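>>> okay, predicted coordinates and the sequence, questions at the end:
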Amino acid sequence: MSIELHMLTGTAIEDRLEAGRLEINIKLQEIIEQAIAKGQGEVAKLAGEVLLAGGKRLRPLLLLLAYEVAGGSDRDQVIPLALAFELIHTATLVHDDINDNAKQRRGVSTLHERAGSEKAMIAGDWLFVQGFAQGGGYDSTIVEIIAECCSGIASSELKQLSHVNDLATTPEDYYSIVQGKTARPFEAGCQAAALVAGLNSEKARKFGEFGRELGLAFQIVDDLLDILGDERMGKPRGADVIEGKMTLPLIHALTLLHGDSRTRLSEVIVGFHDGLWDELVELLKEAGSLEYARTLVRNHIDRALHMLRQFPESEARNCIESLTQIVMDRYE
């Protein structure tokens, strides 16, 4: 299934996206520098090591563009919202890495590996506070969206922990987890940006639906990359499998395979190590699970684009379509 994109030239769009990334990076740098100037040196520097470590800034870019597509024209109105979601997202990464005992993030040692879990936890807390400081200036509707999003992340993280190495995890369990953990932040950000732009609640929810579908696609692509491997992931191949996370390809294969193949897959998952890579991939291919996941990615992207194209075509909408394609390009 192909995805048709009506876009500006690739160079023009990339130039605009890169300008947006630079703008966000400068604003984030200013937050760290201002905190250091106020005497918050150690915690701000630790948080800054993660916050300023790079990345595509997909989430804040998406919010800036969503605001424009929704009719917003004063960029200063939405910048704090974009920063809020990026700060909160980074806080969750710090805490996730501690919980998962992850060794790397974006290709470098995780913060808790360098500074210890206690200091990393405090730095993550600090990032959450900074996120809410940026978002707290909006009206109560926006603040409630941000708070509900964070609550959903926490709830989904606990639910995911209860399914570690649980071979009975169902696709419904999986979607319940990733809806809150990954899709809801995309949804909340797009919905909030549309509200800031002046859209009514119904149209803003439509924009949120676009974000939710994009977030689901993003998570399933992460599942695929964890198995197939990609240096752009910034973490070792198979980190999720080693940590016992039941990703969609594993769940699908456990559902489809029977007899000796399912028994062996169960053994591989529970006792996984680097020497079992090829066998794991072959079992997933036998079940058709990798292609199943790819099909779901395309379906979620198609639904996301359908939602997006209910809004008038514009340069900003074309840029969002390009960001959407970036999600696909991560594994294709």
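Thanks, I have it. Numbering: from 1, shown residues only.

>>> the nearest residue to residue 252 once chain neighbours are set aside and residue 265: what is the separation?
Counting by CB to CB, 6 or more residues apart in numbering, residue 289 is the residue found nearest to residue 252 once chain neighbours are left out, at 4.2 Å. Bear in mind the C-beta positions are built from the backbone N, C-alpha and C, glycine included. For residue 289, the distance to residue 265 equals 10 Å [CB to CB, to the nearest Å].

>>> overlap in contacts, the two.
Residues touching both residue 289 and residue 265 (CB atoms under 8 Å, 6 or more residues apart in numbering) are 250, 253.

>>> output the below-cut-off pLDDT ranges for the stretch 51-200 of the chain.
Where the stretch 51-200 of the chain drops to pLDDT under 70, the residues are 106-107.

>>> for it, what spans make up the helices?
58-69, 75-100, 111-115, 117-135, 140-162, 171-178, 184-197 (DSSP state H, counting those that start in this stretch).

>>> and the stretch 201-332 of the chain, by the same measure?
Secondary structure of the stretch 201-332 of the chain (DSSP H, counting those that start in this stretch): helices located at 201-228, 239-242, 248-256, 259-270, 277-287, 289-308, 315-329.

>>> got the buried residues for the third one?
So that's helix 248-256. Neighbour-count burial for helix 248-256 flags 248-254, 256 (criterion: 16 or more other CB atoms under 10 Å).

>>> tell me the contacts of residue 170?
Contacts of residue 170 by CB under 8 Å, 6+ apart are 251, 255.

>>> next, it: phi, psi?
With angles defined as degrees, to the nearest 10, residue 170 sits at phi -100, psi 160.

>>> roughly how far apart are it and residue 179?
Distance of residue 170 to residue 179, given as CB to CB: 14 Å.

>>> do you know the pLDDT at residue 236?
Residue 236 carries a pLDDT value of 67.

>>> distance of residue 280 from residue 237?
11 Å.

>>> any shared contact partners between those two?
In contact with both residue 280 and residue 237: residue 227, using CB under 8 Å, 6+ apart.

>>> of these two, which one has the most company?
Neighbour count, other CB atoms under 10 Å: between residue 280 and residue 237, residue 280 has more, with 20 against 17.

>>> residues in contact with the closest residue to that one other than its chain neighbours?
Take residue 280 and drop its neighbours on the chain: the residue closest to it by CB to CB, 6+ apart is residue 268, 5.3 Å away. When contacts are counted by CB under 8 Å, 6+ apart, residue 268 touches 276, 279-280, 283.

>>> quick one, which of those are buried?
The buried subset of those - by 16+ other CB under 10 Å - is 276, 280, 283.

>>> closest to residue 201 out of the residues you listed?
Sorting the buried ones among the contacts of residue 268 by how near they are to residue 201, with CB to CB, puts residue 280 at the top with 45.4 Å.

>>> I'd like the distance between that closest one and residue 267.
11 Å.

>>> tally of neighbours for residue 328?
Residue 328 has 15 nearby residues by other CB under 10 Å.

>>> is it correct that residue 91 is in contact with residue 122?
No - using CB atoms under 8 Å, residue 91 makes no contact with residue 122, being 11.0 Å away.

>>> who has more neighbours out of the two?
Shown here are residue 91 and residue 122; by other CB under 10 Å, residue 91 has more neighbours (25 against 16).

>>> and the residue nearest to that one when sequence neighbours are not counted, how many neighbours?
Once flanking residues are discounted, residue 91 sits nearest to residue 127: 3.7 Å by CB to CB, 6+ apart. Neighbourhood size, residue 127 [other CB under 10 Å]: 27.

>>> same check, this time on residue 265
Using other CB under 10 Å, residue 265 is surrounded by 23 other residues.

>>> again, but for the one 5 residues further on
By the measure other CB under 10 Å, the count of residues near residue 270 is 10.
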